[in-house]
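Novice: sequence? don't have it. structure:
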């Protein structure tokens, strides 16, 4: 199993650009989440999904959109990137309310 | 949401036991206590979790106070590979998949 994979590993955007961070898992997990981690801080929950077609907001959802059309994929979209969105983004998946498995992260810089 | 309080940093000598404390005075009856750790430049990884009773696994032990208002993660013999940020997280077993990370405890292991 590959576990949780994220692409790209690194990305530089200009203010106002849009992009999609990809997340995929091959463990058939129902639950998937997106977090951001700013320097020296813990992770903050952006959006999460409890199954295909169901998503909900976390602590810091503004500026981000998600969708969950399949069990495997949970992309995170930045509609109009801002410097405040410079961060490391982690995707995670879990079976119901069990252990979360995290991906390796995407390091995003917005200029 | 119930929050946790951890020391910002701790040090330990290699091959000695480490006790990482966590206070969660507002814990509810349905909150599980989870511990994750984050090695440098990696996503968090699961360490251990429990509800009321002490728990042991191959990585660590979790000691939970009788009133559940605090807990301690115990690493029995610290190695250099245990240097990481350790997060104590409360997870409501009836409230979806939301994990709320704090800033954690940065553990330094001294050779």
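Specialist: Perfect, thanks for sending it. Model, not experiment: these values are computed from the prediction. Numbering: from 1, shown residues only, chains lettered A, B, ... in the order given.

Novice: from here on, just use CA atoms for contacts and neighbour counts.
Specialist: Will do.

Novice: ends of stretch B:44-62, what's the gap?
Specialist: 18 Å (Cα to Cα, to the nearest Å).

Novice: can you list the buried residues in that stretch?
Specialist: Going by neighbour count (16 or more other Cα atoms under 10 Å in any protein chain shown), the buried part of stretch B:44-62 is B:44, B:45, B:46, B:47, B:48, B:49, B:50, B:51, B:52, B:60, B:61, B:62.

Novice: okay, the residues you listed in JSON lines with pLDDT and distance to chain A next?
Specialist: As requested, the buried residues of stretch B:44-62 are exported to JSON lines (pLDDT from 0 to 100; distance: Cα to the nearest Cα, whole Å):
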{"residue": "B:44", "pLDDT": "94", "distance to chain A": "6"}
{"residue": "B:45", "pLDDT": "95", "distance to chain A": "7"}
{"residue": "B:46", "pLDDT": "93", "distance to chain A": "7"}
{"residue": "B:47", "pLDDT": "96", "distance to chain A": "9"}
{"residue": "B:48", "pLDDT": "95", "distance to chain A": "9"}
{"residue": "B:49", "pLDDT": "93", "distance to chain A": "9"}
{"residue": "B:50", "pLDDT": "93", "distance to chain A": "11"}
{"residue": "B:51", "pLDDT": "92", "distance to chain A": "13"}
{"residue": "B:52", "pLDDT": "93", "distance to chain A": "17"}
{"residue": "B:60", "pLDDT": "95", "distance to chain A": "15"}
{"residue": "B:61", "pLDDT": "97", "distance to chain A": "16"}
{"residue": "B:62", "pLDDT": "97", "distance to chain A": "16"}
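
Novice: among the residues you listed, which two are most distant?
Specialist: B:44 and B:52 (23.6 Å; Cα to Cα).

Novice: can you give me the strands in chain A?
Specialist: Along chain A, counting by DSSP state E, strands occupy A:4-7, A:10-13, A:19-25, A:31-37, A:43-51, A:54-57, A:64-66, A:76-78, A:87-94, A:101-102, A:106-110.

Novice: correction: the previous question concerned chain B.
Specialist: Here chain B has its strands, by DSSP E, at B:9-13, B:18-23, B:31-38, B:45-50, B:55-56, B:61-64, B:70-75, B:84-92, B:105-110.
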